[in-house]
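Participant: Below: sequence and its predicted model.
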Amino acid sequence: MSRPCAIVGSGLAGFCAYATLRKGGLEPAEIAVFGTDPDPAAVWRVRSAAIRQQRMRSESDGHCAPSSFPGLAVRAALRRRSPAPLLRSVCDRYHPTVGEFLEHVDELRAATGWEESVQVVRVNRVRAVDGGFEVGGHGTFPHVLLATGHPGLAWPEGLAADPRAVHAYEPHDFAETVEIVGAGMAAATEWLNALAAGASVVSVRRREPERRPLNLPRELFSRRGLAGFHRLATAERIEFLRRFGAPSYPAGREWDEPVEQARHRGRFRVAAELNGAPQVVCATGFKRGFRHDPLLARLVAEHGLEVAGDWIVLTADSTVESLTDRERTLALAGVPAQWAFPAADTLVGAKYAARRFLRRVNAWRTR
Amino acid sequence: MAYTLRGRIESRIAAALAPLVAGCILALVLQAWWPVELAGLMLGVGLLFDAAYHRLVPYQPGWAALPLGLLELGAIMGLARVLDVGAPLWAALAFYAGSWLLAQTLGHAVFPLARLSYGEDGGELGRAGGGLAAGALAVLAAAGGIAWATQPPVVHLAAGVHEGPLVLDHSQELVGVPGTVVRGGIVVTADDVTIRDVTVIGGEHGIQVESAERVLLERVSVLDATLDGINVRRSQVTIRDCSISMLGREFGQGIDISFTADLEPSVIENCQLAGGQEGIFLGSVHAMARDNHVRATTLRGITVTEMSTASVEENTVEDSLGIGIYCSDYSMCDISENSVTGIRPDHESSDSMREGYGIVSHYWAHAEVADNEVSRSPHVWGEFSDAYIIFE
């Protein structure tokens, strides 16, 4: 056993964890990464391209580097030789472009030696064994972080097999009239995309979307808000996660004006049900819950892990308590880690789990 | 960032450590305590405000550092004035601005680099936070201990008459009570001397200060000195709330400060001066005379001369002979908001300047005057011998 750490998942959450471990002093040879693509942004790239995303919802610290400084605003200011990104950042108005973000990922990928650690294999099973965890027949590791990502696209009932339907996160064009199901960030982006393409849009939704700058209120990204969240009883925490899991997108003229103009011209309206349009775009996000992820579902079943609703119960440091002690660590990062950090599906959330994972690894190494 | 209370306090203390150390170094260099006092005041005010911010500002965007910094600056400067921290204004502003910039750099760049989870920990610094707090407290305690140990001794003079002249040749505070009288004068030859609540009767000079700096004369009274009430040479003094009577004395001045132009400015404020040739005489000095009441002098009320640079403001000069306020001999005078009244012409003099002028600029002097009130005097102002007055 030469490698102390394994990361299962080669997406952005796994990549954040890898960069954090490298910053913490681990060499590439000490970290094994198992995933389906050597490009950590491969899946994200396809999805953001599908919704024609231009800018990130995240702000300057929405990046994969282990420390929040220098953020993307600092990099942009240096590159453009302009203080404007910094000024926008201090006002919480800076959102990097998708191009800037992907460029940063490529740079960090080269700088961290990611290629030396990543192995393109699909891991279907992780189980606790003496000395750590056996990872899909690829070895035993004392410290394992599972960053398996979203378990697949969510389709509205009855539409998965409908030939008119396309998911927002899959490549598509727009028909003359399009019904867009959903009320979150992807749906709002698709309204503007379809309108820009000349289509008439019907927004199919059952409730008005929340408007907030980030996925969650800002306090919940730090210990100030998390302390209260971690004190919630199980039922309250489930309710909390469901409430804040509801769709939202940012407020702002750039979102509202095109929609209002189209509404006045009769090209945008809201409906509660589908009504036979030639194309239905399902901006309904991803499946939710560990049961949709075969690896996690199997892990829970084989080890009898505690669960609550759709979530695996984790400690505040994003680890599975029953499988974590001084000698070994099993941690979750990314969307399955919401029990520890409600915004776990963001880049900041991925680093939250990664930093705590690093602390455990370092405590083990220096003992 | 959404700070926790502990995060605010730890970040505040950590950012205050460097200014505290810098304050100690500056104090050594300047031989003054104000940098340490200011750094300590900044930390104290900051911690108090942090307690309020915690409730009022659950999430603090980056831009808020500017208005909150200005708010704290106002509170610090106000408290510095109330607590009599002797910091020069621009130096204090520069010290605060430097400390604020350092705190921003630490909070946005250095702390997040040093502690990866700084942001999500709400500004908490972990074990380092405790160490830095201990370090800051140690610096403050050490500075406080040194300040305490090096405080000049306080000498209390009881009520009653003490025979002089008293010679103060080492740093000390000489403090009297109502009824404390020193007969025969006091001579100060050491730095960092304070004389407070003492009446001096007689002596060639009531109080003489010779080659000393940071001398404070507060609530002193002088009567019947032969020459000057207070005579200052090659020294830096602050004279506050004094009372000097030279009535009946043909020569001598109420306060005479000379040959201090290369030193920190001297200040005379809120003094009552009666009689003598001149109430206040400033020769070759850098000084300010403010809010004093000068009356019944036989030569001039207030004189600034011999290449001095001085502000003369908010004083009252009345019933003086010849000239009220006099700026002469290449001096630069800022004369504003004074009240000059009842200046009488000196009929025994053939000098045309002495025909009863409220304000005179003489011999290449340069006087800037503004908002003065001259009344019951033959002439409001006059320029003589290539001097000039600029009215603002």
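Facilitator: Now that the structure is in, tell me what you want to look at.

Participant: drop to CA atoms for contacts and neighbour counts, all remaining ones
Facilitator: OK.

Participant: So residue A:67: helix, strand or coil?
Facilitator: In three-state terms, and counting by DSSP: H, G, I helix; E, B strand; the rest coil, residue A:67 is coil.

Participant: Just confirm it contacts residue B:112, I think it does.
Facilitator: Yes. Using Cα atoms under 8 Å, residue A:67 makes contact with residue B:112 at a distance of 6.0 Å.

Participant: Tell me which of the two has more neighbours.
Facilitator: residue A:67 (24 against 21; other Cα atoms under 10 Å in any protein chain shown).

Participant: distance of the residue of chain A most remote from its centre from chain B?
Facilitator: The centre of chain A is farthest from one residue, residue A:265, which by Cα atoms, centre = their mean lies 36.3 Å away. Residue A:265 sits 39 Å away from chain B, going by Cα to the nearest Cα, to the nearest Å.

Participant: In which helix or strand does residue A:302 reside?
Facilitator: Assigned by DSSP states H and E, residue A:302 belongs to helix A:294-303.

Participant: who are the neighbours in contact with residue 251?
Facilitator: Just so you know, I chose chain A. Contacts for residue A:251 (Cα atoms under 8 Å, 6 or more residues apart in numbering or on different chains) come out as A:211-213.

Participant: Can you look at chain B instead?
Facilitator: Neighbouring residues of residue B:251 by Cα under 8 Å, 6+ apart: B:226-227, B:276-277.

Participant: switch to 10 Å and redo it
Facilitator: Counting by Cα atoms under 10 Å, 6 or more residues apart in numbering or on different chains, residue B:251 touches B:226-228, B:275-278, B:298-299.

Participant: Kindly report the same for residue A:66.
Facilitator: A:16-24, A:108, A:348, A:351-352, A:354-355, B:112-113, B:116-117 are the contacts of residue A:66 under Cα under 10 Å, 6+ apart.

Participant: Repeat the analysis, applying 8 Å as the threshold.
Facilitator: Per Cα under 8 Å, 6+ apart, neighbours of residue A:66: A:16, A:19-20, A:23, A:351, B:116.

Participant: Now the residue nearest to residue A:323 when sequence neighbours are not counted: phi and psi?
Facilitator: Nearest residue to residue A:323, sequence neighbours excluded (Cα to Cα, 6 or more residues apart in numbering or on different chains): residue A:330, at 6.2 Å. The phi and psi values for residue A:330, taken as degrees, to the nearest 10, are phi -120, psi 110.

Participant: Show the contacting residues for residue A:330.
Facilitator: Listed by Cα under 8 Å, 6+ apart, the contact set of residue A:330 reads A:143-146, A:319-320, A:323-324.

Participant: ok, what's across the strand from it?
Facilitator: Residue A:330 forms beta bridges with residue A:144, as assigned by DSSP bridges.

Participant: what's the pLDDT at it?
Facilitator: On pLDDT, residue A:330 comes in at 97.

Participant: can you tell me how far it sits from chain B?
Facilitator: 20 Å.

Participant: Mark out where each domain of the chain begins and ends.
Facilitator: Picking chain A for this. A:5-152+A:287-365, A:165-209+A:247-282 (automatic domain parsing).

Participant: Switch to chain B, please.
Facilitator: According to automatic domain parsing, the ranges for chain B are B:5-149, B:154-391.

Participant: can you tell me which helix in the chain is longest?
Facilitator: No chain in the question, so chain A it is. helix A:347-365 (DSSP state H).

Participant: that's the other chain; I wanted chain B
Facilitator: Every helix in chain B considered (DSSP H), the longest is helix B:5-30.

Participant: After that helix, which helix or strand is next? Please name it.
Facilitator: Assigned by DSSP H and E, the successor of helix B:5-30 is helix B:34-56.

Participant: Distance from that following helix to the middle of the chain?
Facilitator: Put simply, helix B:34-56 sits 24 Å off its chain's centre (Cα atoms, centre = their mean, to the nearest Å).

Participant: which residues are contacting that helix?
Facilitator: By Cα under 8 Å, 6+ apart, the list of residues contacting helix B:34-56 reads B:3-5, B:8-9, B:12-13, B:16, B:19-20, B:23-24, B:26-27, B:72, B:75-76, B:80, B:85-87, B:92, B:96, B:140, B:143.

Participant: Out of those residues, which end up buried?
Facilitator: For the contacts of helix B:34-56, a burial check counting by 16 or more other Cα atoms under 10 Å in any protein chain shown picks out B:3-5, B:8-9, B:12-13, B:16, B:19-20, B:23-24, B:26-27, B:72, B:75-76, B:80, B:85, B:87, B:92, B:96, B:140, B:143.

Participant: Which residue would be the closest one in the stretch 101-250 of chain A to chain B?
Facilitator: Residue nearest to chain B within the stretch 101-250 of chain A: residue A:222 (3.9 Å; Cα to the nearest Cα).

Participant: out of everything not next to it in sequence, what's closest to that residue?
Facilitator: Leaving out its chain neighbours, the residue that sits closest to residue A:222 by Cα to Cα, 6+ apart is residue B:120, at 3.9 Å.

Participant: didn't that neighbour look like it was pressed against residue A:218?
Facilitator: No. Applying Cα under 8 Å as the test, residue B:120 and residue A:218 come out as separate, 10.4 Å apart.

Participant: So if I had to pick from those two, which one is more boxed in?
Facilitator: Neighbour totals were compared for residue B:120 and residue A:218, and residue B:120 leads with 25 against 19 (other Cα under 10 Å).

Participant: Summarise which helices and strands the lowest-mean-pLDDT helix or strand in chain B is packed against.
Facilitator: The helix or strand of chain B with the poorest confidence is helix B:127-149; it has a mean of 87 (mean pLDDT, DSSP states H and E). Applying 3 or more Cα pairs under 8 Å, 6 or more residues apart in numbering or on different chains; DSSP states H and E, one finds that helix B:127-149 contacts helix B:5-30.

Participant: pLDDT value on residue A:367, please?
Facilitator: 66.
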